[in-house]
Structure formats: structure tokens, C-alpha cells
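Undergrad: Any chance you can model this:
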Amino acid sequence: MKLSLVTDSLGFLPFGEMLDKVASLGFEGLELGCGNWSQAPHLDLDGLLASAGKRRDFLDAIGARGLAIEALNCSGNQLAPHDEGRRHDAVVERTFELAGLLGVRKVVMMSGLPGGAPGESLPNWITTSWPPRNAQVLAWQWEEIALPWWRKAVASAAAKGVERIAVENHGCQLVYNPGTLMRLRDAVGPMVGMNLDPSHLFWMGGDPIAAARFLGPAIHHVHAKDSRLERGLVDIDGVLDTGTVDRYASRTWNYVALGYGHDARWWKEFITVVHMSGYDGAVSLEMEDLTMDALSGIGKSLVLLREAWPSST
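TA: Numbers count the residues shown, from 1 in each chain. Take a look at the predicted model:
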């Protein structure tokens, strides 16, 4: 396995300075945001698509630091109604194209989330079976919107040279856990697997270690990110919290640096089980702890991640 960084975590640094910092910290790979929900601080999607010279310079700068691109990330909501969905869909397609041109075989993204019916203007996340009409909404979202889009996406990605699409198990998405990932994978094929991010399963009440054992070869990518249920708050209101992430003092759960939610023993078992399950790709550290500056959070997380790293890798 390789140690990688989601470079949006250092989005405040220019491209060259980011590369220097990543190399000095001992990372081997990069996961680069291409647009949609990422501001793409280190990658000019349209510029790179338009110029072979820019692509060459881009790869040379990365290679000169002993680094490699592990994945491109175009997470957004390509299934959203109307203009938003069309804009995000276009970024996904351009990301597939750029991946092929750069020789990157893996794209990380989210499943997307449709509206609840034809003509709706906003996405609609169904999380319960009641009231009974929810079943009709879910069936429409999957059969009429998601699966047709994903079948075309898989064909398009394959034609451009992409070999794996890693779908993140994020809340407010049609795919948010192993069960929904398998529903998509069974319908569109094994090119689609999971970007297993423990932080999301934690707050939703799942067990990422059990998920890794269940997923096995369906693990296509791994994010090293932690979250913590906040004592005295989650006990009262539960995990369904609509407070914005910058209001961390009053939220019932928060994204945190590694070790600030789950200790080294947990991460040792998680990394080992992921490896035992057959995954030998990148583990990408993602820093979204707003209680500390990004470099401190990355440094603290790295200490724990290195302690948890299997000696055989």
C-alpha cells in the first residue's frame, strides 16, 4: 500500500509549494481534486486537457519530487436536477478524459443524488422506509436516474482508459454504505467499487472494519479520515445534525484528525484488515479537522498512520 494525500487538505499552498511539502512529509502519492465540490487548487482541468505541454510539465513537476498521482477526484452531484447536474456531469467526463491522458487509472467520486420526482429542483436523500411513498421515490431515483447514468459513465470511463471508479460512502448520496455500493456495483459491474472512508461510517453508526471485510475486492480506494461523536451532545440529539461544520463546538459529531476520534489500536486493525482483504492501493490522508490548522492536523495524523502501517508494506 502507498501513503497518499488528498491535496485539497493543503489547498492554501500553491502547486509547487504543495508538492515540496508533501514530499518532505514522506508521502508517495497524490489525490488531486479536479472540480465540482473541490475548488481544484492544484489542477487546471481545462488547461491540462487543452495542452500536451502543460500535461508534461505537470507530470514532470510531480515526478521530480518522487511523487505520483494515485487518483483524480471529481466528487460532486452529477445526478442533481437541472443545471447543477449537467455542470457536474461535464466535470466528471472531463476528469475521465484527463485521467486517460495522464495515465491515471483511478477516479474517486460520489454516486450523486437525484431529486425525488420528475420536475423537482433539489436532491432528495431518503433514509427511512416510512412513509410508504419513500419506496417509490427510491425506486425512481435508482431505476430512472442513477443506473442509466452510471451505465453510461462506466462505458465512458473505460473508453478513456480509466480502470477503477471509487465511490465514496458519503452521507446525502444515493450510495452511502456498503449495501448501496453493492447495489450499484451489481448493476453496472466491477469497475465501480468503494472509496472506503471510515469517518462517514462512524457517524452513521457503522463499523468500517466490518465493512472492509464485507467489501473485499470491492475496495477501490481508502481515505484515512476520522470522526468523533461528541459526548453530551450526541446523547441528546443523535447523529442527524444539520449544523454547519464550522460550528464544531455545538455539533453532535465532527471530522477530526486521526487519533482524535479513534486511537492507534483501532487504526492498526483497520489498516491491517483492509490489507488482508486484498487492497494494495493508496491510503489517502484527508484533513478536515477545523479545530486545528491543516499542517498540524496532517502532522498528528501522520504519526498515527505510520504507527498503524503494516510492516510488510
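Undergrad: CA only for contacts and neighbour counts going forward, please
TA: Fine.
Undergrad: So for the particular helix or strand that has residue 87 in it, mean pLDDT?
TA: Assigned by DSSP states H and E, residue 87 belongs to helix 82-102. For helix 82-102, mean pLDDT rounds to 98.
Undergrad: For the remainder of this discussion, apply numbering that starts at 252.
TA: In the new count, where the first residue is 252, that last one comes out as helix 333-353.
Undergrad: Give me the phi and psi for the closest residue in space to residue 283 that isn't next to it in sequence.
TA: Spatially, and ignoring its direct neighbours in sequence, residue 283 is nearest to residue 323 (5.0 Å; C-alpha to C-alpha, 6 or more residues apart in numbering). Torsion angles at residue 323 (phi, psi; degrees, to the nearest 10) stand at phi -100, psi 140.
Undergrad: Next, the contact list for residue 323, please.
TA: Contact analysis of residue 323 by C-alpha atoms under 8 Å, 6 or more residues apart in numbering lists 282, 283, 284, 285, 346, 350, 355, 357, 358, 359.
Undergrad: Let me know the helix or strand that the first one is in.
TA: This means residue 282. Counting by DSSP H and E, residue 282 is part of strand 280-284.
Undergrad: Give me the angle between that strand and helix 333-353.
TA: If you take axes from the mean of the first three to the mean of the last three C-alpha atoms, to 10 degrees, strand 280-284 sits at 150 degrees to helix 333-353.
Undergrad: Averaged pLDDT, strand 280-284. What do you get?
TA: Strand 280-284 comes out at a mean pLDDT of 98.
Undergrad: same deal with stretch 389-407?
TA: Mean predicted lDDT for stretch 389-407 stands at 98.
Undergrad: Setting aside sequence neighbours, what's the nearest residue to residue 373?
TA: residue 366 (5.4 Å).
Undergrad: Could you list the low-pLDDT ranges of the stretch 452-564 of the chain?
TA: 562-564 (pLDDT under 70).
Undergrad: so where do the helices sit in it?
TA: Counting by DSSP state H, counting those that start in this stretch, the stretch 452-564 of the chain has helices at residues 459-466, 485-488, 515-527, 545-559.
Undergrad: could those helices go into TSV alongside distance to residue 387 and mean neighbour count?
TA: Compiled in TSV, the helices of the stretch 452-564 of the chain are given as follows (distance: least, C-alpha to C-alpha, whole Å; neighbours: other C-alpha atoms under 10 Å):
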stretch	distance to residue 387	mean neighbour count
helix 459-466	28	19
helix 485-488	29	12
helix 515-527	36	18
helix 545-559	43	17
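Undergrad: okay, which residue of this structure is out on the far edge from center?
TA: residue 383 (31.6 Å; C-alpha atoms, centre = their mean).
Undergrad: Quick one: residues contacting that one.
TA: Contacts of residue 383 (C-alpha under 8 Å, 6+ apart): none.
Undergrad: got a pLDDT number for it?
TA: At residue 383, pLDDT is 94.
Undergrad: can I get the helices of the stretch 452-564 of the chain in TSV with distance to residue 312?
TA: Listed next are these as TSV, based on distance: least, C-alpha to C-alpha, whole Å:
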stretch	distance to residue 312
helix 459-466	35
helix 485-488	45
helix 515-527	30
helix 545-559	22
